[in-house]
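S.K.: below are the sequence and a predicted model; questions follow.
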Amino acid sequence: MKKNILVTGGAGFIGSHVVRLFVNKYPDYKIINLDLLTYAGNLENLRDVEKKSNYEFVKGDITDESFINSLFDDYKFDAVIHLAAESHVDRSIIDPLSFIRTNVLGTGVLLNAARRQWKEHSDKLFYHVSTDEVYGSLGEAGFFTEETPYDPRSPYSSSKAGSDHLVKAYHHTYHLPVVISNCSNNYGSHQFPEKLIPLMINNIIKKKPLPVYGKGENVRDWLWVEDHARAIDVIFHNGKIGETYNIGGFNEWKNIDLVKLLCSVMDKKLKRAAGESAELITYVKDRAGHDQRYAIDATKLNKDLGWKPSLQFEEGLDKTVDWYLNNTNWSDNVLSGAYQEYYQQQYVLR
Ligand code: NAD
Ligand code: DAU
């Protein structure tokens with residue numbers, strides 16, 4: 001069936017994997033990638049699909065109401081997969097308002113455009129890609145399920161919780177067909193090297209200090225980004241309207257254990273002496289309000305829709321390290337803003 005699908009934030013880390021999957025797997029769908037190309041958005045991530053006839057890029061801001069309304073009028077979207085966001089917790093602590101603007105207002109503008117345009121709701125879908133951080137922080141035991149009450153603690157997670165609530169409110173009040181997924185920490189290729197795994201990989205390559213917050217005892221639950229994209233595909237096509245699905249691979253790691261694992265994997269790949277990279281580990285001041293532990297129970301997604309992760313963590317990490325070792329130019333360019341400058345010149349804001 002032919003569909004016009006708006007993907008927001010498609011030039012970012014997860015968005016680029018979602019765009020690639022949909023463009024390649026569904027030649028009948030037209031994928032319109034809307035992205036502002038902030039520091040985190042980079043069209044280099046989509047070089048391999050940019051010339052495909054079922055792909056189009058539009059540069060624009062999800063918080064710009066008249067632009068978004070005109071985009072909906074022009075393209076008559078059948079569905080939205082909304083990923084555009086400010087996504088880094090540390091940045092949200094420094095600059096909370098930009099998170100509130102993009103994540104809360106931006107989601108509200110998109111929802112409202114969909115409500116305005118979609119007079120006939122039955123075959124439409126607004127899919128909001130969200131995070132497990134909306135559930136708060138766990139102690140030693142237990143998991144986040146779809147029934148866990150929201151308890152966000154950082155400006156980032158609060159802004160994502162706010163956007164989730166708006167999505168649910170548009171469903172409840174206006175019967176907008178929506179679905180939400182809340183996923184755990186992603187890792188893989190094309191992740192901006194400010195997040196734990198790519199930052200550590202880059203610093204190990206460059207023999208720079210590896211900053212571990214606090215005692216490194218915090219726990220995160222890691223999922224390979226391509227498995228997240230596959231889960232989004234499954235939920236997009238088979239998820240029940242109005243439902244929430246948790247996405248995760250039951251793969252918890254203490255930060256310090258993960259960093260040590262990375263060090264030993266990379267010592268071998270870089271032909272360094274065992275233990276050499278681990279000497280770079282440096283304990284630094286803890287993140288303000290640092291959530292202790294996240295752990296996702298993804299049973300519903302598995303039972304109802306048959307999704308499960310395709311990769312073991314060690315295999316995914318190995319692939320990820322290889323990608324960063326083979327793409328040091330990419331990391332240097334995104335960190336220096338070089339790609340950003342290049343693409344900003346080519347694409348004018350609509
Ligand atoms: P990212 O920071 O890599 O990418 C975000 C993208 O959004 C960038 O391309 C950026 O240019 C774009 N963007 C930002 N502001 C915009 C605006 N005003 N208008 C249009 N585009 C804008 O983020 P990511 O890690 O790929 O995360 C994508 C989504 O998935 C986010 O909504 C995030 O909350 C969610 N999520 C992320 C993770 C994770 O581990 N990274 C886990 C669960 C959920
Ligand atoms: O759980 C899903 C969330 O995971 C997503 O919604 C967010 O968009 C994504 O950024 C991620 O948030 P985290 O804060 O968990 O990810 P980050 O990579 O920033 O940090 C992972 C853990 O590592 C966290 O406990 C903080 C710690 N850390 C992080 C950095 C950047 C360090 O110890 N040192 C570091 O330099």
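M.R.: Received the coordinates, thanks. If you're wondering where the values come from, they're calculated on a predicted model, not measured in any experiment. Ligands and ions are numbered 1, 2, ... in the order given.
S.K.: tell me the contacts of whichever residue of the stretch 251-350 of the chain sits closest to ligand 2?
M.R.: Closest residue of the stretch 251-350 of the chain to ligand 2, Cβ to the nearest ligand atom: residue 255 (4.6 Å). Any C-beta I mention is one placed from the backbone N, CA and C, and that applies to glycine too. Contacts for residue 255 (Cβ atoms under 8 Å, 6 or more residues apart in numbering) come out as 196, 212-213, 216-220.
S.K.: mind putting the residues you listed in TSV, pLDDT, neighbour count and distance to residue 25 included?
M.R.: Output for the contacts of residue 255, formatted as TSV (pLDDT from 0 to 100; neighbours: other Cβ atoms under 10 Å; distance: Cβ to Cβ, whole Å):
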residue	pLDDT	neighbour count	distance to residue 25
196	98	23	30
212	98	21	39
213	98	17	38
216	98	17	39
217	98	15	40
218	98	21	36
219	98	18	34
220	98	20	29
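S.K.: any chance of the backbone angles for the closest residue to residue 220 other than its chain neighbours?
M.R.: Once flanking residues are discounted, residue 220 sits nearest to residue 185: 4.6 Å by Cβ to Cβ, 6 or more residues apart in numbering. Main-chain dihedrals, residue 185, degrees, to the nearest 10: phi -60, psi 130.
S.K.: go on, the one 10 residues further on?
M.R.: Summarising the backbone geometry of residue 195 under the convention degrees, to the nearest 10, its torsions are phi -80, psi 160.
S.K.: okay, it and ligand 1: tell me how far apart.
M.R.: Distance of residue 195 to ligand 1, given as Cβ to the nearest ligand atom, to the nearest Å: 7 Å.
S.K.: that residue: what's it in contact with?
M.R.: By Cβ under 8 Å, 6+ apart, the contact set of residue 195 is 88, 187.
S.K.: let me see the domain layout of this protein.
M.R.: For the chain, automatic domain parsing gives the domain ranges 3-186+223-247, 189-220+252-289+314-345.
S.K.: can you say which of these is packed in most?
M.R.: Ranked by mean neighbour count, those are led by domain 3-186+223-247 with a mean of 20 (mean count of other Cβ atoms under 10 Å).
S.K.: straight-line length of it, end to end?
M.R.: Distance across domain 3-186+223-247, first residue to last, is 25 Å (Cα to Cα, to the nearest Å).
S.K.: of the domains of the chain, which is nearest residue 303?
M.R.: domain 3-186+223-247 (10.7 Å; Cβ to Cβ).
S.K.: is it fair to say residue 221 lies in a strand?
M.R.: Yes - read with DSSP: H, G, I helix; E, B strand; the rest coil, residue 221 is one of the residues of a strand.
S.K.: who's in contact with the residue nearest to it when sequence neighbours are not counted?
M.R.: Nearest non-adjacent residue to residue 221, counting by Cβ to Cβ, 6+ apart: residue 184, 4.0 Å away. Applying Cβ under 8 Å, 6+ apart to residue 184 gives the contacts 132, 220-223, 247-249, 251, 294-296.
S.K.: for residue 89, give me phi and psi.
M.R.: When read as degrees, to the nearest 10, the backbone of residue 89 gives phi -60, psi -40.
S.K.: now for the spatially closest residue to it that is not a sequence neighbour: which residues touch it?
M.R.: Nearest residue to residue 89 in three dimensions, chain neighbours excluded: residue 156, at 4.7 Å (Cβ to Cβ, 6+ apart). By Cβ under 8 Å, 6+ apart, the residues touching residue 156 are 86-89, 91-92, 99, 103, 133.
S.K.: what residues does the chain have near ligand 1?
M.R.: Neighbours of ligand 1 within the chain, by Cβ under 6 Å from any ligand atom: 8-9, 11-15, 35-38, 40-41, 61-63, 83-85, 87, 102, 106, 129-131, 160, 183, 185-186, 192.
S.K.: so what pairs up with residue 185 in the strands?
M.R.: Assessed by DSSP bridges, residue 185 has beta-bridge partners residue 222.
S.K.: ok, now which ones touch residue 40?
M.R.: Shown in contact with residue 40 (Cβ under 8 Å, 6+ apart): 12-13, 86-88, 192.
S.K.: closest one of the residues you listed to ligand 1?
M.R.: Using Cβ to the nearest ligand atom, residue 12 comes nearest to ligand 1 of these, at 2.1 Å.
S.K.: that closest one contacts residue 41, correct?
M.R.: Yes - with contacts counted by Cβ atoms under 8 Å, residue 12 reaches residue 41, the gap being 5.2 Å.
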